[in-house]
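[1] Got a predicted structure here, sequence first:
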Amino acid sequence: MTTKDLNINIEALTRVEGEAAIEVDIKRGGDVQKLHVKVFEPPRFFEGFMQGRRYDEVSDFGSRICGICSVPHQTCSLYAVEKATGIEVTQQTKDLRELINVGEMLMNLAVHMYMLAGPDFLGYESVLSFKEKDLPILLRAVRLKKVGNHILKTIGGRETHPIAMVPGGFTAVPTKKQLDEIIKLLESVREDTVESVKFTAGLKYPEFNRESEHIAISNDKEYSFTLGNLKSTKGINAPVEKHHELIDEIRENRKHDHVMHYKVKGRDSFLVGPLARVNLNFDKLSPLAKDLAKQYGLTYPQYNPFKSLQARALEMVHIIDEGIGLCGKLNPKKEKLDVKPKGGHGIHIVEAPRGILYYEYKVNDAGIVEYADIITPTAHYVLNLENDIKYYIPQLEQMNPQDAKFHVEMLARAYDPCFSCSVH
């Protein structure tokens, strides 16, 4: 129960993608007048744009939902449309899709860790304020992002909004020489990922522990970002097609923003993203990632959302080994893309950097999309962020107003929200 009024008004949350505000108004005694993560970014209607389009056009629309994680959008869209139209893909295509998503993950995780959330822990307003002694940290992030971008360009044809990924496969595939170059680049930044684990292990985190349900895709064979079942820390283990049977969309009247909320049916809000992935798949991380976790005392499951930075660092270590393994395994051959679509219904889920990304299509026999549904990671977890803020209130009221406001911003940035993606 609060012992004093608590009023926090963050008119524009910074160092996140998109536009949102946070309003907290708690009266003495615990009466919650207002607690909103207010996503005032206008609706974007991508699902509507897709209706009436050909099956082989919509993945390009999907990639435009986000300029910083276009690859997961395109990958998920392709798998969903292939399921809907009965198009089979080869193991080579699956491996190339996993590899290009490895590149996307590497650059996104590095940017969030060092440039978006990192300044909060280092006492800076932004990366523009970094002193010379901390510039090596930024250079580490730049090196990691550069390698991730190189993978995207090599596999997808360019660094954002890939042009080589199409229903059934790839219009062009990398040469063995190009894959060997990726291996060299990944090996060149391995130490940067090891230092990232050390860096995140040494940060001072707010004391916070709320055991919300965590959801990620999980593959019995490997730590995959593109293929697996829907799994949770509270017992869910089901094909991705069961998403709407397990997750409720809350259609309440939310006049203050344009994003839907989601709960596990019969339960509550949930978290998706790096922390959920590591909590549910820690045993499938590479040996080096698990050894580093042990060395620095990083134990899982972990339910402090501020410590998602540590999960990101472990994932980056794993990504180096996964990328090298995929490049060594692949010997790509140009495949015929002689696809003959039929009408049907398809659902798929992949892991975007911020968590599970859901795509659903209904396609008619002429290959025209009649229905599209997309749920982004931020839409999945924005209610959980509100619940985390609510749970954090007893600690916030012990702080001065400026510190309380900063800690709410810090908590929101730890989630790495992409508000632009959430409002369509």
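    Right, received. Where do you want to start?

[2] partner strands of the helix or strand hosting Ala216, parallel or antiparallel?
    Per DSSP states H and E, Ala216 falls inside strand 213-218. Applying DSSP bridges, strand 213-218 is found paired with strand 229-232 (antiparallel), strand 270-271 (parallel).

[3] which outside residues touch that strand?
    224-225, 227-234, 236-237, 240, 264, 267-272, 275-277, 279-281, 301, 303, 349-351, 355-356, 380 (CB atoms under 8 Å, 6 or more residues apart in numbering). Any C-beta I mention is one placed from the backbone N, CA and C, and that applies to glycine too.

[4] So which of these are in helices?
    The members of the contacts of strand 213-218 that map onto helices under DSSP state H are 275-277, 279-281, 380.

[5] okay, the residues you listed in TSV with distance to Ser188, pLDDT and neighbour count next?
    Listed next are the ones in helices among the contacts of strand 213-218 as TSV, based on distance: CB to CB, whole Å; pLDDT from 0 to 100; neighbours: other CB atoms under 10 Å:
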residue	distance to Ser188	pLDDT	neighbour count
Leu275	28	98	28
Ala276	30	98	28
Arg277	25	98	30
Asn279	30	98	20
Leu280	30	98	23
Asn281	26	98	22
His380	35	96	26
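
[6] and which of those is nearest to Asn101?
    Arg277 (12.6 Å; CB to CB).

[7] Could you report the pLDDT at the closest residue in space to the closest one that isn't next to it in sequence?
    Closest residue to Arg277 apart from its sequence neighbours, by CB to CB, 6 or more residues apart in numbering: Ala216 at 4.4 Å. For Ala216, the pLDDT comes out at 98.

[8] With Glu17 instead?
    88.

[9] I figured it was touching Ser420, is that so?
    Yes. Glu17 lies in contact with Ser420 (CB atoms under 8 Å); the separation is 5.8 Å.

[10] who touches both of the two?
    Joint contacts of Glu17 and Ser420 (CB under 8 Å, 6+ apart) are Cys66.

[11] Sketch out the strands for the protein, chain order is fine.
    Assigned by DSSP state E, the strands in the chain fall at 6-10, 21-27, 31-38, 165-166, 169-170, 213-218, 229-232, 237-238, 247-250, 261-264, 270-271, 344-352, 355-363, 369-375.

[12] just checking, which of these comes out with the lowest mean pLDDT?
    Among the strands of the chain, strand 31-38 has the lowest mean pLDDT, at a mean of 84.

[13] for that one, packing partners?
    strand 21-27, helix 377-396 (3 or more CB pairs under 8 Å, 6 or more residues apart in numbering; DSSP states H and E).

[14] Of these, give the one that comes closest to Asp95.
    Nearest of those to Asp95, taken as CB to CB: helix 377-396 at 23.8 Å.

[15] mind listing what's buried in that closest one?
    Using 16 or more other CB atoms under 10 Å as the test for burial, helix 377-396 gives 377-389, 392-393, 396.

[16] do the same with stretch 34-52
    35-41, 44, 46-47, 49-50.

[17] ok, now stretch 289-297?
    Buried residues in stretch 289-297, counted by 16+ other CB under 10 Å: 289-290, 292-293, 296.

[18] contacts for it?
    194, 197-198, 201, 282-283, 285, 298-300, 314-315, 317-318, 321.

[19] which residue packs closest to the residue nearest the centre of the chain, ignoring adjacent ones?
    Central residue of the chain (CA atoms, centre = their mean): Arg354, 1.7 Å from the mean position. Excluding the flanking residues, the one nearest Arg354 by CB to CB, 6+ apart is Pro377, at 3.8 Å.

[20] Could you verify my assumption that that neighbour touches Leu357?
    Yes. Counting by CB under 8 Å, Pro377 touches Leu357, with 6.0 Å between them.

[21] re the thing from before, out of the strands paired with strand 213-218, nearest to Ser77?
    Nearest of the strands paired with strand 213-218 (CB to CB): strand 229-232, 17.9 Å.

[22] So what touches that closest one?
    213-219, 236-240, 242-243, 246, 264, 270, 280, 349, 356.

[23] repeat that with 6 Å
    Residues outside strand 229-232 that contact it (CB atoms under 6 Å, 6 or more residues apart in numbering): 213, 215, 218, 237-240, 280.

[24] Return the member of the residues you listed nearest to Leu96.
    Using CB to CB, the contacts of strand 229-232 come closest to Leu96 at Val240, 20.3 Å.

[25] what's the burial count for the closest residue to Met410 other than its chain neighbours?
    Excluding the flanking residues, the one nearest Met410 by CB to CB, 6+ apart is Asp120, at 4.6 Å. Around Asp120 there are 20 other residues, counting by other CB atoms under 10 Å.

[26] Then Val89?
    For Val89, using other CB under 10 Å, the count is 18.

[27] same question, Glu132
    For Glu132, the count of nearby residues is 6 (other CB under 10 Å).

[28] what's the answer for Glu11, then?
    Neighbours of Glu11 (other CB under 10 Å): 10.
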